[in-house]
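>>> Next comes the sequence, and after it the predicted model I'd like to discuss.
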Amino acid sequence: MSFTIFWIIVGVTLCLMELMIPTAFIESALGVSAFLTALLSLLITDFSYQVALWMGLSLLTFWALKRFIPSKTAPTLQESTSARTLTSIPPGQPGRVMYEGSSWQARCSDEGIAIAPDQAVFVVGRQGNTLIILPESTLLS
C-alpha cells in the first residue's frame, strides 16, 4: 500500500470520527492535515518526513480553526439591573430572588440589612451562582 493511500484513509477516518464524536474540530484538523499530507506524499517519499509534515500541518490547522471554537467565559451581569425578592433575606444570609425570569440565590452586599419578600432590589454583582444585591430603598434614599 502506498503512503498516499494510507494518508487518505487516515484523513477519511478522522473526518468521519468528527461527525460521530464531535471534538471541537480536533479530529477534523487532523483529517484535513492528513489529506494535505497525502497530496504532498507524492513529492516527499520518506515516511518519517511525512509524519513530521502531518504534525506541522495539524498544528497550523488547529491555529487556523481556533477562532471557530466557542469561548468558555461566563456571561457577565449588566450593571445595576433590577430583580425582586422571592423569600426574605436575613442579614448575612442567602435568600432567593427572581432575576431575568429565573430564581437565583442572592445575598445582600450590606451584611447588616434584612430584606423582606417581594421587594425590588438591584443586582450589583455575582459570586459564582449567588447574586449580590442591594435593596432599592437604600439606593434611592
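Yep, that arrived.

>>> where in this structure is pLDDT low?
Applying pLDDT under 70 to the chain flags residues 69-80, 139-141.

>>> Next SSE downstream of the helix or strand where residue 49 lies?
Per DSSP states H and E, residue 49 falls inside helix 47-65. Toward the C-terminal end, the helix or strand that comes next after helix 47-65 (DSSP H and E) is strand 81-85.

>>> Need the contact partners of that next one.
Residues outside strand 81-85 that contact it (C-beta atoms under 8 Å, 6 or more residues apart in numbering) are 95-100, 104, 106, 115-123, 131, 133, 136. C-beta here means a position set from N, CA and C on the backbone, and glycine is covered the same way.

>>> Of those, keep whichever come out buried.
95-97, 99, 104, 106, 115, 119, 121-123, 131, 133, 136 (16 or more other C-beta atoms under 10 Å).

>>> returning to what we had before: hmm, who's touching the helix holding residue 49?
By C-beta under 8 Å, 6+ apart, helix 47-65 touches 3, 7, 25-26, 28-30, 32-34, 36-37, 40-41, 44.

>>> are any of these buried, and which?
In those, burial by neighbour count holds for 3, 7, 25-26, 28-30, 32-34, 36-37, 40-41, counting by 16+ other C-beta under 10 Å.

>>> and these, which two are the farthest apart?
3 and 25 (25.1 Å; C-beta to C-beta).
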